[in-house]
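> With the sequence up front, the predicted model follows.
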Amino acid sequence: MNTESIKPFTEMSARELFLVLTGERGIIEQMNLQKILREYVEKYGNTADLVTMVHKVAEDES
């Protein structure tokens, strides 16, 4: 596995996040992203685009 291509969700584009969400990048990354999205929906009650949701949860954690 090429670990150089692994980057944080906050640095990914909408397309990259979509690929993670569909399982293209592996089950572990998919589950981690799903957890982040569930956190966002639980806290804010609605959805936004993937990039916004990931960034908002990351901001809330810092």
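Sure, I can see it. Numbering: from 1, shown residues only.

> Which secondary structure state does the most centrally placed residue in the chain sit in?
Per Cα atoms, centre = their mean, the C-alpha nearest to the average position across the chain is that of L33, at 3.9 Å. Look at L33: counting by DSSP: H, G, I helix; E, B strand; the rest coil, its state is helix.

> Surely it and L17 touch.
Yes: with contact defined as Cβ atoms under 8 Å, L33 reaches L17; the gap is 6.7 Å. In this view, the C-beta of every residue, glycine as well, is placed from N, C-alpha and C.

> Tell me where the model's unsure across the protein.
Low-confidence segments of the chain, defined by pLDDT under 70: 1-5.

> let's see 80
Within the chain, the segments meeting pLDDT under 80 span 1-6.

> Run a quick neighbour tally on I6.
For I6, the neighbour count with other Cβ atoms under 10 Å is 9.

> Distance check, it against N32.
From I6 across to N32, the span is 12 Å (Cβ to Cβ, to the nearest Å).

> what's the answer for V51, then?
Distance, V51 to N32, using Cβ to Cβ: 16 Å.

> what about the two, which has more around it?
A count of neighbours by other Cβ under 10 Å puts V51 above the other of V51 and N32, at 16 against 13.

> so the more buried one is in which element?
helix 50-61 (DSSP states H and E).

> buried sites along that helix?
L50, V51, M53, V54, K56, V57 (16 or more other Cβ atoms under 10 Å).
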